[in-house]
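Novice: model the structure of this input:
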Amino acid sequence: MSTAAPSPAELAELVDVSDRIRGEIEKVITGRPDLVRYTVAVLLAEGHLLVEDVPGVGKTTLAKALATTVSCTVGRVQFTPDLLPSDLTGVNIFRSQTHEFEFRPGPVFANIVIGDEINRASPKTQSALLECMQEGFATIDGVSYPLPRPFLVVATQNPVEMEGTYPLPEAQRDRFMARLTVGYPSPADELEMLERQEVADPLAVLSAVTDAAHVQRMIALVRRLYASDAVKRYVIDLVGATREDAGLRLGASPRAAIQLLRAAKALAAVNGRDYVLPDDVQSLAVPVLAHRVLPSTESRLSGRTSEDIIESIVARTVVEASAPHPRATSGAVG
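Specialist: As a prediction, the model looks like this:
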C-alpha cells in the first residue's frame, strides 16, 4: 500500500465525497454542522461511533442517515435485556437433509452496523461486540469469520442515569473512536425540522452518494495524510496528561492516541487539507478521549465531568512549534 501523501486530485475527490455525505445527512440533521462533520470524520477514519443523548433528539436518525448515504450492507440491532450474543454474531444450524451445520451470519456481518440503545443490553451481550469492533472478525463455535470492510459500528445509547440501562464496560467504551452528543436543536432549527418532517419520513429524501468500495479507498487515503512530529507529540502529551491528572482515576489508553491521530487526519480531510493541524486534534480531544477516562471520586463529588477535565487538559497543554508542511499554503481544497 502506498504511503505517499494524496495527490491534489485524490484530495479533491476525498473532499467531494465527504461534502456529499455531509450534504445528505444535513437534510435530516438540521442546525448541527459540527456533529455531522465529526460523524463523517469517524467514517473516513474507519472508527466506531457512540452517539449518546436523551430519547427523541435524533440519535438513531443520525445513524440511519449515515448508513443511507453509503450504498453498502447495513445491519440493525435493537438492543434489549434479553438479547443474546448469538443474536449479534450468528449461529450454526444443523440441516437434517445434509447432516451438516450451516452458518447463518448475524447482523454484525455488514459494513455499517446500527446498534440502537446499546446500553439496554446486558454486559455479556455488549461484550460480544468487542472482538468484532477491534479485530474485524467474529468467532462462532471456535471458527473465526472475517467481517466485511469497511466495518463500522454506530451505536446509540441513553444516559446511564435513565431507568433500564447498563453502563458500557470500560473495555468496550475504549473500542469506540468517538462519543458524540446530539443535543436539542435551536427553536429556528426545530421549526425547520417540523416543516421538513410534518408529512414525510425524513430519511425517505436521502440517497446514496457513494459505495463501500469507494469509502474504503477514501479511508486508505486518509491514513496517508501528513502529520508532523510536533502534532504527534501533541497527541501523546494530551493522552499522557490524562494519566497524570489528579481529577481522573483512569487515563486514556495507547489506543486512544492512535485513534485521536486517525480521527484528526480524517477531520483535516473533511476540512479540505492534506495535513493535520493542532486545531484538528483540539476539536476532537473531548469526543475521542472523554468517554475513555474515569473521573475520580473527588471530581464526581465536585460536579466535574470527564469533558470538563479533558477541556482543562487541552487548555494547559502546550503545542510545540514545527516547520510547516510544504503544501500548507497550497494543499487545501475549497
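
Novice: who are the contact partners of residue 121?
Specialist: Residue 121 makes contact with 79, 80, 81, 83, 166, according to Cβ atoms under 8 Å, 6 or more residues apart in numbering. Where you see a C-beta, it was placed from the backbone N, CA and C, and this is true even at glycine.

Novice: just give me the closest of the residues you listed to residue 115.
Specialist: Lowest distance from residue 115 to the contacts of residue 121 (Cβ to Cβ) belongs to residue 79, with 6.0 Å.

Novice: ok, now how distant is the closest one from residue 134?
Specialist: Computed as Cβ to Cβ, to the nearest Å, the residue 79 to residue 134 distance reads 19 Å.

Novice: between those two, which one's more packed in?
Specialist: Each of residue 79 and residue 134 has its neighbours counted (other Cβ atoms under 10 Å); residue 79 has more, 21 against 14.

Novice: that one against residue 120, yeah?
Specialist: Yes. Using Cβ atoms under 8 Å, residue 79 makes contact with residue 120 at a distance of 4.9 Å.

Novice: any low-confidence regions in the protein?
Specialist: 1-2, 160-164, 321-334 (pLDDT under 70).

Novice: for it, what spans make up the helices?
Specialist: Remark: helices assigned in the chain by DSSP state H are 8-25, 33-44, 59-69, 85-89, 123-127, 130-135, 170-173, 187-197, 212-223, 229-244, 254-270, 278-289, 297-302, 306-316.

Novice: buried residues in the second one?
Specialist: So that's helix 33-44. For helix 33-44, the neighbour count (16 or more other Cβ atoms under 10 Å) marks 35, 36, 37, 38, 39, 40, 41, 42, 43, 44 as buried.

Novice: what's near enough to touch the fifth one?
Specialist: By that I understand residue 39. Taking Cβ under 8 Å, 6+ apart, one finds 25, 49, 62, 66, 180 in contact with residue 39.

Novice: take those residues and write them to TSV, including neighbour count and distance to residue 289.
Specialist: As requested, these are exported to TSV (neighbours: other Cβ atoms under 10 Å; distance: Cβ to Cβ, whole Å):
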residue	neighbour count	distance to residue 289
25	23	24
49	25	15
62	25	21
66	26	22
180	23	13
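
Novice: nearest to residue 55 among the residues you listed?
Specialist: Nearest to residue 55, judged by Cβ to Cβ, of the contacts of residue 39 is residue 62 at 13.5 Å.
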